[in-house]
Structure formats: C-alpha cells, structure tokens
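Undergrad: The following comprises the amino acid sequence and a computationally predicted model.
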Amino acid sequence: MDIELRLLRSFVQMHEAGSISRAADRMACTQAAMSMRLKMLETELGAALFLRGPQGLEPTPRGAELYAKALGVLGAYDEMLSATRTRPARDRVRLGMPDDYALGWLPRALDRVGLERVELEISCDLSAHLMAAVQRSELDLALVTLAARPAQAIATLEVPLHWVRRHGATVDGRLAAYPEGCVFRRAMIAALEAEGAGWTVAVQSGSHAGIFAAVRAGVAVTSVAAGTAPPDLEEVASDAGLPALPRVPVYLVTTPHLRPAARRMAEGLQAVLSEMAV
C-alpha cells in the first residue's frame, strides 16, 4: 500500500483545523476535493479517521495514531528536500592540529578564511598522530611539530618557544610535558641541562587538559609556541631558573591534491604562522 504524500498533508490539515472547509482553504483546494482525499485515505487504510461531531471533525483512535506518524513522515520528507534542493553545496575540510595550536592560532586563521559553504572538521591530537592521519588521507592538512621535516610539508616556519607557569609560581625544574618524542619536551630538557639546572618530568599527559591542569595547580611549568598560552597563565620567554628556549619548527602538511576550500585554509594558516614567526 502506497499512500500519496498529498493525502497525508491533507489529513494533517483536517486534523489540525478540525474542519474540512478550513483545511481546504489551507491547502488551496475545494471542499469537495478535500472530502475526496479523506475518502481515498480511509479506503486505503480500511478505517474511519474522523467522526463528525458538533465541534467539527473529531479524530478516531486510528486517526489520532495516524496523525502522530504522519507528522514524522512529512517532517523527514521535508528535511530531505531542504537538504538536497535548497542548501548550497558545502566543501568539507578535514584539519588537524595540537590543542594549543588550535586555541592560539585557529581563530585567526578562520577570520581570514571564513567558512561560507565549508564544513570544517577539526581533529586535535599529538603531532605524530596527526602526521599519520595525513599520510592515511584521513586529514586534508595539519599543523605539526616533529623532529624532522616530513615529506608532505608544504611550508615550514619557526616560532619562538615560551615557558608557561601559574602567576608567581616557583617550580624548580618540575615540568609538565607530553610523552617522550615531543619536540617541546626535548627543548625544555635541553635548555635546562645547558644551564646546569636540574629537572624532572613531574606530570606527563597526552592531553592539553592534563598538562595545563598541572600548570594551573602550580606544581609544574610547561612550554608553548609563543602566543598560544591560555590567558589565565603567565607566558615568559625566560626568567630565573627558566632559560631561553629555542625556536621550534611548525610544519604545514597536506595530502597531495587539495580542494579549493582546503587550499584557502592552508593559505590562511600560513599567513597566521608568518605573523607569529616575526
């Protein structure tokens, strides 16, 4: 049994208006046509859908049940039409970067690029994981900091590395760091050892939240690319017990063939990084 959507729409109008004549006005058809549609629908279903009472049409139990289901069917159909007919085509961009880069740089890049007709999917993870995702073509582009320049890099920029601590905190070489292999971790340790200062990795975490929870508690310091520290923490280039850190490379890596929207995003990120590298 196939029920025409026109019959369901007419039925819904009759149910809500409580009158065949008012429903006919809403559907821009004659009262006779609306009555015929009701008859056709009741014939298809083999049951009466309304009783005629002093207040107008009163739905039968079968009519009340059909009304609830008809709303769902018509809503899904209208949503499908809206998505396929009226919504402009959207280009999808799959972008990856560590949490601190996303918080510090991504808003500026989005201001430059805009997101009209673009569906942006953002993945925040460790640089090594993001690099692997680009190699598997699971991401279109990513910002990563690695020990060596990857073959997929289309731009390399060096940015200053700064210490981040709770205001007024003295932590005596206690570090909050990402796991072994992180360029920032190695830079902090190398700088402290070059000064003959002691150090210990007091907190290790693979997440931005874990690292900065320790810093906010005042039990450790960490490092970030300049300009990406959370606003409630103190970012310093150097201080007593905190030697100057080196500049670190940030690589913009991409898949071989970028769509136009992904290319615009890459250009916006390059512009922001160029400003930070000055």
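TA: Noted; the coordinates are in hand.
Undergrad: Can you show me the helices along the stretch 151-278 of the chain?
TA: Under the criterion DSSP state H, counting those that start in this stretch, the stretch 151-278 of the chain carries helices at the ranges 183-194, 208-216, 260-277.
Undergrad: And the closest residue to residue 269 other than its chain neighbours, how close does it get to residue 69?
TA: Setting aside the residues directly before and after it, residue 269 is nearest to residue 109 in space (CB to CB, 6 or more residues apart in numbering), at 4.9 Å. C-beta: built from backbone N, CA, C; applies to glycine. The spacing between residue 109 and residue 69, counted by CB to CB, to the nearest Å, is 47 Å.
Undergrad: any weak-confidence spans in the stretch 51-200 of the chain?
TA: Of all residues in the stretch 51-200 of the chain, those with pLDDT under 70 make up the ranges 85-90, 115-116.
Undergrad: Please name the residues that touch the residue nearest to residue 264 when sequence neighbours are not counted.
TA: What sits nearest to residue 264 in space, not counting adjacent residues and going by CB to CB, 6+ apart, is residue 113, at 5.1 Å. Neighbouring residues of residue 113 by CB atoms under 8 Å, 6 or more residues apart in numbering: 264-265, 267-268.
Undergrad: Weed out the non-buried ones from the residues you listed.
TA: 264-265, 268 (16 or more other CB atoms under 10 Å).
Undergrad: and of those, the nearest to residue 139?
TA: Within the buried ones among the contacts of residue 113, the smallest distance to residue 139 is 11.4 Å, found for residue 265 (CB to CB).
Undergrad: does the closest one really touch residue 109, like I thought?
TA: Yes: applying CB atoms under 8 Å as the test, residue 265 and residue 109 come out as touching, 7.0 Å apart.
Undergrad: Just the CA coordinates for stretch 11-22, please, in CSV.
TA: What follows is stretch 11-22, C-alpha atoms only, in CSV (Å, rounded to 0.1, in the frame of the first residue of the first chain):
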residue,chain,number,x,y,z
PHE,A,11,-5.2,14.7,6.5
VAL,A,12,-2.9,16.6,8.8
GLN,A,13,-4.6,19.9,7.9
MET,A,14,-8.0,18.4,8.6
HIS,A,15,-6.8,17.1,11.9
GLU,A,16,-5.3,20.4,13.0
ALA,A,17,-8.1,22.6,11.6
GLY,A,18,-11.0,20.4,12.8
SER,A,19,-12.9,21.2,9.6
ILE,A,20,-12.8,20.1,6.0
SER,A,21,-13.6,23.5,4.8
ARG,A,22,-10.9,25.2,6.8
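Undergrad: mind listing what's buried in that stretch?
TA: In stretch 11-22, counting by 16+ other CB under 10 Å, buried: 11-15, 17, 19-20, 22.
Undergrad: Secondary structure class of residue 3, three-state.
TA: Judged by DSSP: H, G, I helix; E, B strand; the rest coil, the three-state class of residue 3 is coil.
Undergrad: Pull the contacting residues for it.
TA: Residue 3 is in contact with 41, 44, counting by CB under 8 Å, 6+ apart.
Undergrad: related to what we said a few turns ago, would you mark the buried spots in the helix or strand the residue nearest to residue 269 falls within?
TA: Assignment of secondary structure by DSSP states H and E places residue 109 within helix 99-113. Within helix 99-113, the residues that count as buried by 16+ other CB under 10 Å are 99-106, 108-110, 113.
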